[in-house]
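Colleague: Here is a sequence with its predicted model. Questions after.
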Amino acid sequence: MTDPDLTILGVETSCDETAVGIVSGGADVRSSVIASQVDLHARFGGVVPEVASRAHTQLVNGVLAQALVEAGLTGHDLGAVAACEGPGLAGALLVGVSVGKALALAHGIPYVGVNHMEGHLYAAFLEEPDLAPPMTVLLVSGGHTMIVHMEDHGRYRVLGQTVDDAAGEAFDKVARLLGLGFPGGPVIDRLATRGDPSAVAFPRPMLDEGYDFSFSGLKTAVLVHVRDHGDEQVEDIAASFQEAAVDVLVTKLFRAVEEVGAPTVVLGGGVAANTRLRERVFDEAERRGLHPVVPSPVMCTDNGAMIAAAAFQVLSRVGPTSMRAGAYPGLRLASHPH
Ligand code: KG4
Ligand code: ZN
């Protein structure tokens, strides 16, 4: 039986954020420190894997030390150490996994490997510690877009996913073609507040077809529109693109919620920081008498606290992860690599 107040340190290095979070009892965030590498990658217009791994190596010890100081703890207060083991960039993941295992070994405490998407899902439990499955979850990040029905802890049914670009990838690519820099999500979100979402009628790909998503056609539609109407307000294009993307996400999410009959609807992943998506999910949930759980924006984007929160569950359900486990770049939700 896992100590209900166990303190877990979670390391997240799957992409371009070097992050460490410390969480007690699965939901009490003692600290969450995030060193973003955005400036390093911005001039390349996207994340460069080699640059990311090197930066993680340079940043991780400082982030770790700061997380302990901010929590007012030392390594001796930790009950377990967790690291994101996949999916993500191989070299980047290896940094976090190595740090996690080394720390666990040094303190003689369990190591727990955590799936990144499961981490995003468990950010909801940081928002609402008493949250309980069943719930239907929309996970939207730079690499993934999926609707998951969580029947119980560790029991997931993936109802739909993207057949091409992830939602965050679409935001990033559209921002790039509008000359707005990287990462695109936050810039489009900001510009869209000053634009007219009905200015351009962009397509809503696969809106009436099941739970899978396709965003590459929408991106191309924006590209063609910009080429043909170069003089249009960038705010209007940003708002219209965002409205189309959010429309598809929200429509499919609530269609799934209706079909499975879950009383709770949850958002997670970097794109869940989007103002319009959050607003639409809250409104729609309220209209249908459902319980919406949307983590605060800093807990939606990559962080270490979500890894520690998920690890608490993994540890109590399946126990520690073997020290022989590695990093799994293509790891899928609910698969067990070790
Ligand atoms: O979960 P995350 O931090 O990293 C991955 O696991 O990929 O998600 C990053 C993605 C990026 O594509 C970024 O542009 C997007 O989330 N994002 C947003 C917003 N903030 C971050 N997209 C739309 N609106 C936002 N406010
Ligand atoms: Zn993520």
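Modeller: Received the coordinates, thanks. Numbers count the residues shown, from 1 in each chain. Ligands and ions are numbered 1, 2, ... in the order given.
Colleague: only C-alpha atoms for contact and neighbour calcs from this point on.
Modeller: OK.
Colleague: ok, now which ones touch the residue nearest to residue 155 when sequence neighbours are not counted?
Modeller: With CA to CA, 6 or more residues apart in numbering as the criterion, residue 155 has its nearest non-adjacent residue at 7.0 Å, and that residue is residue 334. By CA atoms under 8 Å, 6 or more residues apart in numbering, the contact set of residue 334 is 154, 155, 156.
Colleague: who wins for neighbours among those?
Modeller: Using other CA atoms under 10 Å as the neighbour test, the contacts of residue 334 are led by residue 156, with 19 neighbours.
Colleague: list the buried ones in the helix or strand that residue falls within?
Modeller: Per DSSP states H and E, residue 156 falls inside strand 155-161. Residues 156, 158, 159, 160, 161 are the ones in strand 155-161 that count as buried (16 or more other CA atoms under 10 Å).
Colleague: That strand: what's the following helix or strand?
Modeller: Following strand 155-161 in sequence, per DSSP H and E, is helix 167-177.
Colleague: which other residues reach that next one?
Modeller: If you take CA under 8 Å, 6+ apart as the criterion, helix 167-177 is touched by 45, 140-145, 181-185, 187-188, 215-216, 219, 222-223, 242, 245, 270-271.
Colleague: State the pair within the buried residues of strand 155-161 that is farthest apart.
Modeller: In those, the most distant members under the criterion CA to CA are 156 and 161, with 13.4 Å between them.
Colleague: For the lowest-mean-pLDDT helix or strand in the chain, output the C-alpha coordinates as CSV.
Modeller: Within the chain, no helix or strand scores below helix 38-42, which has a mean of 90 by mean pLDDT, DSSP states H and E. The C-alpha coordinates for helix 38-42 follow below in CSV (Å, rounded to 0.1, in the frame of the first residue of the first chain):
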residue,chain,number,x,y,z
VAL,A,38,11.9,28.1,-26.6
ASP,A,39,14.5,30.8,-27.4
LEU,A,40,17.1,28.1,-28.4
HIS,A,41,14.8,26.5,-30.9
ALA,A,42,12.9,29.6,-32.1
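Colleague: residues in contact with it?
Modeller: With contacts defined as CA under 8 Å, 6+ apart, helix 38-42 is touched by 16, 47, 48, 51, 181, 182, 183.
Colleague: at 7 Å what do you get?
Modeller: Counting by CA atoms under 7 Å, 6 or more residues apart in numbering, helix 38-42 makes contact with 16, 47, 48, 181, 182, all of which sit outside it.
Colleague: coming back round to it: would you list the contacts of residue 334 in a markdown table and tack on distance to ligand 1?
Modeller: A markdown table is the format used below for those (distance: CA to the nearest ligand atom, whole Å):
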| residue | distance to ligand 1 |
| --- | --- |
| 154 | 20 |
| 155 | 21 |
| 156 | 19 |
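Colleague: And those residues, which is closest to residue 261?
Modeller: Closest to residue 261, out of all of these and judged by CA to CA, is residue 156, at 15.0 Å.
Colleague: so that closest one touches residue 149, yeah?
Modeller: Yes: counting by CA atoms under 7 Å, residue 156 touches residue 149, with 5.7 Å between them.
Colleague: circling back: save the buried residues of strand 155-161 as JSON lines, and put in pLDDT too.
Modeller: Supplementary listing: the buried residues of strand 155-161 in JSON lines, determined by pLDDT from 0 to 100:
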{"residue": "156", "pLDDT": "96"}
{"residue": "158", "pLDDT": "97"}
{"residue": "159", "pLDDT": "97"}
{"residue": "160", "pLDDT": "97"}
{"residue": "161", "pLDDT": "97"}
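Colleague: Quick one: name the residues of the stretch 151-300 of the chain near ligand 1.
Modeller: Proximity of the stretch 151-300 of the chain to ligand 1, by CA under 6 Å from any ligand atom, involves residues 168-169, 171-172, 183-186, 189, 269-271, 273-274.
Colleague: Mind checking which of these land in helices?
Modeller: Among those, the members falling in helices are 168, 169, 171, 172, 184, 185, 186, 189 (criterion: DSSP state H).
Colleague: could you dump the residues you listed to a markdown table with neighbour count?
Modeller: Listed next are these as a markdown table, based on neighbours: other CA atoms under 10 Å:
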| residue | neighbour count |
| --- | --- |
| 168 | 24 |
| 169 | 25 |
| 171 | 27 |
| 172 | 25 |
| 184 | 23 |
| 185 | 25 |
| 186 | 18 |
| 189 | 21 |
